[in-house]
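Colleague: A predicted structure for the sequence below; I have some questions about it.
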Amino acid sequence: MDKILVLNFGGQYDQLIARRIRAAHVYAEIRNYNKITPDEIRVAGYRGIVFTGGPNSVYDDTAPRCDKRVLSLGIPVLGICYGHQLLAFLAGGEIAPAETGSEYGKTTLRAEESVLFADVPRESVCWMSHTDAVQTPPAGFRVLASTAHCAVAAIGDDTHKLYGVQFHPEVTHTQYGDRVLQNFVFRVCGCKGDWQMDDFLETAVAHYRQTLAGKKVILGLSGGVDSAVAAVLLHKAIGDALTCVFVDHGLLRKGEGDYVEQTFRGRFGIRLIRVNAQERFLTALRGVTDPEQKRGIIGEMFVRVFEEQAVALNSTDVLAQGTIYPDVIESGKGDSATIKSHHNVGGLPKEMLFRSVVEPLRDLFKDEVRAVGEKLGLPRELVWRQPFPGPGLGVRVIGEITEEKLAILREADAIFRETLDGALSPLPNQYFAVLADTRSVGVMGDARTYGYTVALRAVTTDDFMTATWTRIPFDLLEQASNRITNEVRGISRVVYDITSKPPATVEWE
Ligand code: XMP
């Protein structure tokens, strides 16, 4: 199977590169620049390497730089933005702040005849976002494109198959971005484009069958699609050496614990243990209001509960998790900024009983995970379930978490979901209620009330990295609001969240 290595130098939308390449049926793997050596790259048999963008300047002391030997492995390289500058820098070119200042947004690209721009018109629109620029290309490199503000917008050394583009081919604003990436992958690297999700599955199952042979694995099952897919995949690889532990932390939605238990116990023939740990979690969270602290506590407590189960089962080799790629990037792994510590990544305590952690889906995006789930034969309603965060209602009760607030939120959330289910098509990709830490005055039956504010949140997105708030018809919002205020005691106000991501995140905490 042809593989492309996406070498990550930081930045938030680098994942798009891997996604675009995979969309062309070539498998792309993302690794941080400092987590893989030139020898490992060579042995892994990549057909090509893409250097991603990143926020640094190549001359900064702290600038992320890979080993120069990566350029002499005989593997084609495509540098993008910072990656373009780094490639030029490593090959002996000169980089400096752009003379005309930073260039940001759409601009006209003038491309020269070259394999990288094959079937790209001489003039097209590209998307730029940079402060530095390559001033002098390294010896052996030709300038392949320019813009009004950037004389060296693309470079190439056909002999060594090294290319760089200052613009971002991975974003849709670049008119022929896909073409440029595909020219690199097919024409320069010679990939065939025959990768399918089946290949991912087969390779992953074979890989875990081999690497986990003789080991016992504990997997934290949440009932969401990610951990469910990870569970069924690992079960295919190692059968009964896998035990799933479902922790009811008291922060689940209405009826959720029983749903998870019913779905998994028996259905897939997977060993499942349900741990009722509501009291422990709520006690540990008492008085805590800071979102990152909540996430940390919940993440740590999860692992401790798993550990106890693992000890009881004499199974402390491996902890498996359903971490997916956006969890990794948003938790600030590598060099990108921490947005929030997803409990299954950033919340892992440093000291753990488990000897290793396995995350079979950590390179996949949500839609890819769903495709794997379907291939594995998981039921549709499970595969297409809206995501529910590991910390659960803990990050949807703003401020201190109490049983009273959880009970109010559970009811309001169930009503909102019931209102939309069946009434809206397509459904938003995620829709839920949040209990704000704000009380407000209301009037009911001539009497004053002083209850909580519930916020309804619904977003439309395909990868949860960016999202727009869903335009729900007013009458549905009204139905939800009426039912919530009538049926749930303790709520005097319902509001609808009309913030997209960015600038907001999907969850409130
Ligand atoms: P945010 O709030 O980061 O959410 O915009 C993006 C998506 O991730 C889900 N989410 C989580 N999932 N553990 C998870 O497994 C977490 O800690 C976590 N935090 C947020 C969120 O529900 C949305 O689908």
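Modeller: Cool, the structure landed. Only a predicted model underlies this, so the values are computations on that prediction, with no experimental measurement involved.
Colleague: use CA for all of it now, contacts and neighbours both
Modeller: Noted.
Colleague: which residues in the stretch 101-250 of the chain form helices?
Modeller: Taking DSSP state H, counting those that start in this stretch as the criterion, the stretch 101-250 of the chain contains helices spanning 177-182, 197-211, 225-238.
Colleague: give me the distance between Gln430 and Leu87.
Modeller: Distance of Gln430 to Leu87, computed by C-alpha to C-alpha, to the nearest Å: 40 Å.
Colleague: and the two? which has more neighbours close in?
Modeller: The residue with more neighbours, out of Gln430 and Leu87 and counting by other C-alpha atoms under 10 Å, is Leu87; that gives 31 against 20.
Colleague: right, and the more buried one touches Gly164 too?
Modeller: Yes - applying C-alpha atoms under 8 Å, one finds Leu87 in contact with Gly164, separated by 7.0 Å.
Colleague: shared neighbours of those two, anything?
Modeller: A shared contact of Leu87 and Gly164, defined by C-alpha atoms under 8 Å, 6 or more residues apart in numbering, is any residue touching both; here these are Gly79.
Colleague: quick one: which of the helices of the stretch 101-250 of the chain is nearest Val143?
Modeller: Evaluated with C-alpha to C-alpha, those place helix 177-182 nearest to Val143, the distance being 15.3 Å.
Colleague: chain center to that closest one: distance?
Modeller: 23 Å (C-alpha atoms, centre = their mean, to the nearest Å).
Colleague: give me the residues contacting that helix.
Modeller: Taking C-alpha under 8 Å, 6+ apart as the criterion, the residues outside helix 177-182 that touch it are 20-21, 24, 116-120, 126, 168-171.
Colleague: the closest residue to the ligand within the stretch 151-300 of the chain: neighbouring residues, count only.
Modeller: In the stretch 151-300 of the chain, the residue that lies nearest the ligand is Arg295 (6.8 Å; C-alpha to the nearest ligand atom). The burial count assigned to Arg295 is 26, neighbours taken as other C-alpha under 10 Å.
Colleague: could you check how far it is from Phe432?
Modeller: 19 Å.
Colleague: show me what counts as buried in the helix or strand where Phe432 lies.
Modeller: Using DSSP states H and E, the secondary-structure element containing Phe432 is strand 430-444. Judged by neighbour count (16 or more other C-alpha atoms under 10 Å), strand 430-444 contains these buried residues: 430-436, 439.
Colleague: what's the neighbour count on whichever residue of the stretch 351-500 of the chain sits closest to the ligand?
Modeller: Nearest to the ligand in the stretch 351-500 of the chain, going by C-alpha to the nearest ligand atom, is Pro389, at a distance of 3.6 Å. For Pro389, the count of nearby residues is 17 (other C-alpha under 10 Å).
Colleague: roughly how far apart are it and Gly223?
Modeller: 10 Å.
Colleague: which residues are in contact with both of these two?
Modeller: With contacts taken as C-alpha under 8 Å, 6+ apart, Pro389 and Gly223 have no neighbour in common.
Colleague: among the buried residues of strand 430-444, which one sits closest to Val459?
Modeller: Nearest to Val459 among the buried residues of strand 430-444, with distances taken as C-alpha to C-alpha, is Gln430, at 5.5 Å.
Colleague: any chance you could map the helices in the stretch 301-450 of the chain?
Modeller: For the stretch 301-450 of the chain, the helices defined by DSSP H, counting those that start in this stretch occupy 325-330, 366-375, 380-383, 403-420.
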